[in-house]
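Chemist: Below: sequence and its predicted model.
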Amino acid sequence: DAGVTQSPTHLIKTRGQQVTLRCSPKSGHDTVSWYQQALGQGPQFIFQYYEEEERQRGNFPDRFSGHQFPNYSSELNVNALLLGDSALYLCASSLFRQGARDTQYFGPGTRLTVL
Amino acid sequence: QQQVKQSPQSLIVQKGGISIINCAYENTAFDYFPWYQQFPGKGPALLIAIRPDVSEKKEGRFTISFNKSAKQFSLHIMDSQPGDSATYFCAARGGAQKLVFGQGTRLTINP
């Protein structure tokens, strides 16, 4: 049973460019959340997708957008990259059940460096 | 109100000792409190989690103590081993599975 997978592993971009990161959730999971983890910090919630819709959003600008596909995989897009966007981007998958307390399982992350 | 405060920032413990990491929160709507372990270059991995209606949960060498009235919870690692050296994050869940993380504790176990 494959866990959460993310691609690519590493990415180097320059300021102003756009980037797309990809995530495949753990088998059986239908919800994908994205987090940004700056060096030496805890992960910060970006947004969450369920049933191909953005369900909840953290305090991130509109430059950050996403998508979820019918197979539950997801993409994170960041436009007009800034130096401050350099971070480890984590995808977490879970099973959405109202009132449940299901665990989020994290992928290995994509290390984005903006030069 | 959405913050989770974690301490200490770093911790050094001798092999066989007890490692203790503390977290505090403000939002009483949080309903689930997991601890994650993260090694360099890896994503966080769930270690142990607790619900607010339980005061303590133990899994092997790892124990969470939860004080609902004080809005505090802590992770205890008994018989700490060099392989436990990692960064530990406490978290709290509020609304639609959104996790709010603490700042992390870098734990070093000296052999």
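Modeler: Everything's here; your move.
Chemist: which sections of chain B are below the confidence cut-off?
Modeler: For chain B, applying pLDDT under 70 flags the ranges B:1-2, B:95-96.
Chemist: neighbours around the closest residue to chain A within it, how many?
Modeler: Closest to chain A within chain B is residue B:101: 3.4 Å, counting by CB to the nearest CB. The C-beta positions use only the backbone N, C-alpha and C, and glycine is treated the same way. Residue B:101 is flanked by 23 other residues according to other CB atoms under 10 Å in any protein chain shown.
Chemist: Find the nearest non-adjacent residue to the most centrally placed residue in chain A, please.
Modeler: Central residue of chain A (CA atoms, centre = their mean): residue A:34, 2.8 Å from the mean position. Ranked by CB to CB, 6 or more residues apart in numbering or on different chains and with sequence neighbours excluded, the top spatial neighbour of residue A:34 is residue A:46, at 4.3 Å.
Chemist: What residues does chain A have near chain B?
Modeler: Counting by CB under 8 Å from any CB of the partner chain, chain A comes close to chain B at A:4, A:31, A:33, A:35, A:40-45, A:48, A:55-56, A:58, A:90, A:92, A:94, A:96, A:101-109.
Chemist: Return a PyMOL selection command for the buried portion of those residues.
Modeler: In PyMOL syntax, the buried subset of these is picked out as below (16 or more other CB atoms under 10 Å in any protein chain shown):
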select buried, chain A and resi 4+31+33+35+42+43+44+45+48+55+56+58+90+92+94+103+104+105+106+107+108+109
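Chemist: Which of the residues of chain A next to chain B fall within strands?
Modeler: Among the residues of chain A next to chain B, the ones falling in strands (DSSP state E) are A:31, A:33, A:35, A:44-45, A:48, A:55-56, A:90, A:92, A:94, A:105-106.
Chemist: out of those residues, who's nearest chain B?
Modeler: Of these, the one sitting nearest to chain B (CB to the nearest CB) turns out to be residue A:106, at 3.8 Å.
Chemist: Quickly list what that closest one is bridged to.
Modeler: Beta bridges link residue A:106 to residue A:92 when assigned by DSSP bridges.
Chemist: What are the neighbouring residues in contact with the residue lying closest to residue A:35 once chain neighbours are set aside?
Modeler: Leaving out its chain neighbours, the residue that sits closest to residue A:35 by CB to CB, 6+ apart is residue A:43, at 3.7 Å. Shown in contact with residue A:43 (CB atoms under 8 Å, 6 or more residues apart in numbering or on different chains): A:35, A:36, A:37, A:90, B:44, B:89, B:99, B:101.
Chemist: Give me the neighbour count for the closest residue to residue B:110 other than its chain neighbours.
Modeler: Residue nearest to residue B:110 in three dimensions, not counting chain neighbours: residue B:14, with 5.4 Å by CB to CB, 6+ apart. Residues near residue B:14, counting by other CB under 10 Å, number 11.
Chemist: With that, I have no additional questions.
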